[in-house]
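Trainee: Structure for the following, please:
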Amino acid sequence: MRGFTLRQVTSPVPDQPAIVDDGAGLWRNVIVDIVDKARKTAGNAEALSQRLERHGVNPERGRYSTSAVSNWAKGRTTPPADVLLALAVIAGVSIDATLAAHNRELVSPEIVELRKVIENLQSQVAVLNSHTGLDQ
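Mentor: I've put the predicted structure just below:
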């Protein structure tokens, strides 16, 4: 499996970081979040491993080790797809909702710039309203 990358680029807006995610970093964060929530729901890595086994998702022999769960939670390795689905069920979360929540955290440079323009316009409108008495 290929590694995860998150590239930083220069933002067109001064003093604003611009992060461009190639998608892999986003997925890594989603997976880590789901694993973390499932581990907290189960109580610890050992209990989570046992719950995965009860859900019928385990490696060919035995069950997933606590170190495997720890590596998933730290983003070092990625669980198989069937395990990720079971983790989401255990955590009581939806993969698509978790993805959407993380996706909202990523902001393109253009959106940052537009937000600054909107804030500037709102300030100008407020000043105009105060001069004309419309703000009362």
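
Trainee: Just give me the residue right at the centre of the protein.
Mentor: The chain has residue 102 as the residue nearest its centroid, 3.3 Å off, counting by Cα atoms, centre = their mean.

Trainee: how close does that residue get to residue 119?
Mentor: 25 Å (Cβ to Cβ, to the nearest Å). Yep, even glycine has a C-beta here, placed from its N, CA and C like the rest.

Trainee: What of residue 91?
Mentor: On the measure of Cβ to Cβ, residue 91 and residue 119 end up 37 Å apart.

Trainee: So for those two, which residue has more residues nearby?
Mentor: Neighbour count, other Cβ atoms under 10 Å: between residue 91 and residue 119, residue 91 has more, with 21 against 10.

Trainee: Which residue ranges make up the domains of this structure?
Mentor: 6-105, 109-136 (automatic domain parsing).

Trainee: worst average pLDDT in these?
Mentor: Sorting the domains of the chain by mean pLDDT places domain 109-136 lowest, at a mean of 76.

Trainee: Centre of the chain to it, how far?
Mentor: Remark: domain 109-136 is offset 31 Å from the chain centroid, using Cα atoms, centre = their mean, to the nearest Å.

Trainee: repeat for stretch 85-96
Mentor: So, by Cα atoms, centre = their mean, the centroid of stretch 85-96 is 14 Å from its chain's centroid.

Trainee: picking up where we left off before, return the most buried member of the domains of the chain.
Mentor: domain 6-105 (a mean of 16; mean count of other Cβ atoms under 10 Å).

Trainee: For that one, what is the distance to the chain centroid?
Mentor: Its chain's C-alpha centre and that of domain 6-105 lie 9 Å apart, by Cα atoms, centre = their mean.
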